[in-house]
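Engineer: Model the structure of this input:
(one chain, ligands or ions: 3)
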Amino acid sequence: MHFTTCPLDCFDGCSIAVSKELKLKGNKAHPITQGYLCHHLNHFHTFERIEEPRYLGQSIKMEEALTILQEKLNTYEPSRTLFFKGSGNLGIMQSVTKQFFASHRAVLASGSLCDEAGDAGVCEGRGANLCLSPLHVKDAEVVILWGRNPTVTNSHMLPSLKGKTLIVIDPVKIDLSHHADLHIQIKPRGDLYLALLLCRLVAMEEMEDCTFLNERTLNYKDFLDFISGIPMRKLLDKAHVNLDEIGELLHLIKGKKVSILVGIGVQKYSFGHSVLRAIDALGAMLGLFGKVGCGVGYLSNSGFGYSLPFKVDAKKEPLPIANFGKYDLVFIQGGNPLNQMPCTSKVEEGLDKAKCIVYFGLHENETSARAHLIIPAKTFLAKDDVKLSYGHPFVGRMPKIVESPIGISEYALTQMLLAAFGHDSLESEATIIEKVIASNSVEKDGFLISKTYEDLPYEKTFYTKSGQFEFMDEFDDDFEDEEGFYLIAAKQNKSLNSQFVTDEYLYVPLCLGLEQEERVRLTNRYGTCEYAVMPTAILRDDCLLLYSGAKNANRLTPHAMSQEGNCATYQEMKVRLEKVT
Ligand SMILES: Nc1nc2c(c(=O)[nH]1)N[C@H]1C(S)=C(S)[C@@H](COP(=O)(O)OP(=O)(O)OC[C@H]3O[C@@H](n4cnc5c(=O)[nH]c(N)nc54)[C@H](O)[C@@H]3O)O[C@H]1N2
Ligand SMILES: Nc1nc2c(c(=O)[nH]1)N[C@H]1C(S)=C(S)[C@@H](COP(=O)(O)OP(=O)(O)OC[C@H]3O[C@@H](n4cnc5c(=O)[nH]c(N)nc54)[C@H](O)[C@@H]3O)O[C@H]1N2
Ligand SMILES: [Mo]
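Structural biologist: Ligands and ions are numbered 1, 2, ... in the order given. Prediction:
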């Protein structure tokens, strides 16, 4: 039996026991994994992989593919070469390729399709973004799931929710809302207003933690003045909640150990950073930080405290709105921008102009279908790496388990390119990996964890310049409301974004009276597209839903970035719906 760690983009970062026959099982001894894995890993070997490199549709040998790649890199100006990395594999060694492209003076796509708007807000208030792991949440009395759906995205959190008072704040009736003590089916984009409303009422009810506010926070008085200036009616309307629900929420949390688990749902908007700051402000008023079973947890900065390799200096292209058309050579690693980036028509327009698209990945998808050169990667079982998780503090070693003739590792590809272009070669993989681990890990109960979590998160300090929690004093809601439906972008059980088994339906509320498979057309200023519908009782009457990875999931999403964090804003728009006759 060998042990490794799941590389996928997920909170859980599971520890995997691999048998001689390469069967994958959850590591029973691991405190987070607890012996079970998700659908993706249980079926890992059944998903078809790309086995051979291809150029212009023809299968070729790996050596030929690498020669063609070198030729292309020589042909096109480095300043017209773009490196774009997705999040198909979150191992530390995945970023090694950046080292070559930076040495080559190519441009790097930089920014996020995921969580960085929220992360920017967390960092403004707390200085660093630390996680609340399932082991921490286990000690809570009340858990608030705020735009986060652990049944699908974080199943190893579920044991820690058992027996707790559960509050769900989500426009969708997610599975856990049926078991919750309270479900606030909030209007999309309403979370900032709900959080500030709760802050107002916490002050009115004198529920605030004065000791915490005095000792550990800055500018609380200014914050109170700021929120007192916003009319109560506006807060209630924007969140589309009523005072009874809010009263119930306050009643449930009063005097209790509360963990607030926030997901990316709340921050898929232009002002996403301010949403996290407002939720954090509520956490600070209640004095939740640095205490057993309490806190506000988001997708954390997994590398915090570590000395990470491959820090490079390079010209940048803003990733969520990358203009591929400005480049001759586009190298895409571990991502599927033709499905996952916002505003598909812009992505297509750009990629149509690029002279050579290289796709370096594991599976066929919309992007591989458009690529000129396809280079298969090795799976995580066939290369060395290490994984730090954004949902818990355990360090996941990922030693190579098997030799495979298929594909090339990111490290081997980079070493080859560095040598071919006369740049210094890298240290050995083992050295790089061990240096990362040594820079911030300690052993605890037989497992390596991040040193940062020897204390409770924020128990000793916040990581701001002042060392205090800093309250927000403004926000800018620049959304111009328009006619139509909100279009929710959420995750689904059997897919990991566009990998594995995707779901193709547009989910619609029952009030529309549509039949399953009926076709509708959605339109807005970013595009227009037809879908087959699936009516469902889980949606508000003003919402439609497409799961991540669905075909044409991004035909109507904005070509735009968040105010902070260079992040995509998948829900900063509405759509009009008409039946296709
Ligand atoms: N099985 C599976 N697991 C995954 C993934 C996957 O694709 N499949 N993806 C991984 C990745 S990349 C990430 S980033 C994480 C994300 O993990 P989560 O944040 O849990 O994922 P989402 O489904 O995007 O969003 C969570 C919830 O936000 C709700 N939501 C949408 N808009 C709003 C809003 O305006 N306000 C509020 N309060 N809620 C809203 C949605 O209805 C959804 O239930 O999951 C990871 N885990
Ligand atoms: N409409 C809509 N759009 C979204 C979202 C949404 O919820 N709705 N979610 C957003 C979020 S949170 C995220 S994180 C992004 C994700 O967007 P992407 O990063 O594009 O994610 P995937 O679709 O999972 O594509 C991952 C790719 O990595 C490849 N891969 C896997 N392992 C390896 C490896 O070891 N090496 C190499 N070289 N390649 C590998 C796979 O074959 C696959 O092609 O999408 C965003 N886009
Ligand atoms: Mo993500």
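Engineer: ok, what's across the strand from the closest residue in space to residue 333 that isn't next to it in sequence?
Structural biologist: For residue 333, ignoring the flanking residues on the chain, the nearest one in space by Cβ to Cβ, 6 or more residues apart in numbering is residue 360 at 4.4 Å. (Each C-beta comes from the backbone N, C-alpha and C, glycine too.) Beta-bridge pairing of residue 360 under DSSP bridges involves residue 333, residue 375.
Engineer: do the same with residue 527
Structural biologist: Here residue 527, judged by DSSP bridges, has bridge partners residue 524.
Engineer: ok, it - contacts?
Structural biologist: Applying Cβ atoms under 8 Å, 6 or more residues apart in numbering, we find residue 527 in contact with 343, 344, 345, 555, 556.
Engineer: Nearest to ligand 1 among those?
Structural biologist: Closest approach to ligand 1 among these (Cβ to the nearest ligand atom): residue 556, at 15.1 Å.
Engineer: what sits against the closest one?
Structural biologist: Counting by Cβ under 8 Å, 6+ apart, residue 556 makes contact with 487, 522, 523, 524, 526, 527, 528, 529, 573, 575.
Engineer: next one: residue 148
Structural biologist: Applying Cβ under 8 Å, 6+ apart, the residues near residue 148 are 154, 261, 262, 263, 264, 265.
Engineer: rerun at 7 Å
Structural biologist: Contacts for residue 148 were tallied using Cβ atoms under 7 Å, 6 or more residues apart in numbering; they are 261, 262, 263, 265.
Engineer: repeat for residue 519
Structural biologist: 530, 532, 580.
Engineer: Can you report how many residues neighbour the spatially closest residue to the second one that is not a sequence neighbour?
Structural biologist: Nearest-residue entry for residue 532: residue 517, 5.2 Å, with adjacent residues in sequence omitted and distances by Cβ to Cβ, 6+ apart. When neighbours are defined as other Cβ atoms under 10 Å, residue 517 has 9 of them.
Engineer: before we move on, back to that, how deep is the residue nearest to residue 333 tucked in, by neighbour count?
Structural biologist: Close neighbours of residue 360, defined as other Cβ under 10 Å, add up to 27.
Engineer: Okay, it and ligand 2: tell me how far apart.
Structural biologist: According to Cβ to the nearest ligand atom, to the nearest Å, residue 360 stands 5 Å off from ligand 2.
Engineer: my read: that residue touches residue 378, true?
Structural biologist: No. Counting by Cβ atoms under 7 Å, residue 360 sits too far from residue 378 to count as a contact (10.7 Å).
Engineer: on that earlier part again, is the residue nearest to residue 532 in contact with residue 534, as I believe?
Structural biologist: No. The pair residue 517 / residue 534 is not scored as a contact, 8.2 Å apart, by Cβ under 7 Å.
Engineer: so who does whatever residue of the chain ends up closest to ligand 2 touch?
Structural biologist: Going by Cβ to the nearest ligand atom, ligand 2 is nearest to residue 88 of the chain, at 1.9 Å. Counting by Cβ under 7 Å, 6+ apart, residue 88 makes contact with 334, 335, 361, 362, 499.
Engineer: Residue 119 sits in which helix or strand?
Structural biologist: helix 116-126 (DSSP states H and E).
Engineer: which residue ranges form the helices in the stretch 201-350 of the chain?
Structural biologist: Taking DSSP state H, counting those that start in this stretch, the helices of the stretch 201-350 of the chain run over residues 210-216, 220-228, 232-239, 243-253, 272-285, 337-340, 344-353.
Engineer: Could you check the first one and say which residues are buried?
Structural biologist: Using 16 or more other Cβ atoms under 10 Å as the test for burial, helix 210-216 gives 212, 213, 216.
Engineer: any idea how far the second one lies from residue 283?
Structural biologist: The reference is to residue 213. Computed as Cβ to Cβ, to the nearest Å, the residue 213 to residue 283 distance reads 12 Å.
Engineer: give me every residue that touches the residue lying closest to residue 320 once chain neighbours are set aside.
Structural biologist: Excluding the flanking residues, the one nearest residue 320 by Cβ to Cβ, 6+ apart is residue 568, at 3.9 Å. Residues in contact with residue 568 (Cβ under 7 Å, 6+ apart) are 113, 320, 342.
Engineer: Give me the buried positions along stretch 482-496.
Structural biologist: Buried residues in stretch 482-496 (16+ other Cβ under 10 Å): 484, 485, 486, 487, 488, 489, 490, 491, 492, 493, 495, 496.
Engineer: Spell out which residues of the stretch 401-550 of the chain are next to ligand 2.
Structural biologist: The stretch 401-550 of the chain comes close to ligand 2 at residues 489, 496, 497, 498, 499, 548, 549, as judged by Cβ under 6 Å from any ligand atom.
Engineer: where does this protein come near ligand 2, residue by residue?
Structural biologist: 9, 86-89, 113-114, 264, 333-336, 340, 360-363, 365, 377, 380, 489, 496-499, 548-549, 553-554, 557, 570.
Engineer: Swap in 5 Å and give it another go.
Structural biologist: 86-89, 113-114, 333-336, 340, 360-363, 377, 489, 497-499, 548, 553-554 (Cβ under 5 Å from any ligand atom).
Engineer: So the most centrally placed residue in the chain: helix, strand or coil?
Structural biologist: Residue closest to the average C-alpha location in the chain (Cα atoms, centre = their mean): residue 114, at 4.0 Å. Using DSSP: H, G, I helix; E, B strand; the rest coil, the structure places residue 114 in coil.
Engineer: Can you check the pLDDT for it?
Structural biologist: pLDDT for residue 114: 98.
Engineer: ok, now which ones touch it?
Structural biologist: Counting by Cβ under 7 Å, 6+ apart, residue 114 makes contact with 87, 264.
Engineer: hang on, isn't residue 571 packed against residue 485?
Structural biologist: No. Look at residue 571 against residue 485 with Cβ under 7 Å: they stay out of range, at 11.1 Å.
Engineer: Quick one: name the residues of the stretch 251-400 of the chain near ligand 1.
Structural biologist: Going by Cβ under 5 Å from any ligand atom, the residues of the stretch 251-400 of the chain near ligand 1 are 263, 264, 265, 266.
Engineer: who wins for most neighbours among those residues?
Structural biologist: residue 266 (30 neighbours).
Engineer: I'd say that residue and residue 273 touch.
Structural biologist: No. Counting by Cβ under 7 Å, residue 266 sits too far from residue 273 to count as a contact (10.9 Å).
Engineer: one step back: if the residue nearest to residue 320 is in a bridge, with which residues?
Structural biologist: According to DSSP bridges, beta-bridge pairing links residue 568 with residue 561.
Engineer: picking that back up, need the buried residues of helix 210-216 in a markdown table (columns: pLDDT).
Structural biologist: Shown next, in a markdown table, are those (pLDDT from 0 to 100):
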| residue | pLDDT |
| --- | --- |
| 212 | 98 |
| 213 | 98 |
| 216 | 98 |
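Engineer: So which of those residues reach ligand 1?
Structural biologist: Applying Cβ under 5 Å from any ligand atom to the buried residues of helix 210-216, none is adjacent to ligand 1.
Engineer: ok, of those, which one's closest to residue 355?
Structural biologist: residue 216 (55.5 Å; Cβ to Cβ).
Engineer: wait, what's in contact with that closest one?
Structural biologist: Contacts of residue 216 by Cβ under 7 Å, 6+ apart are 468, 469.
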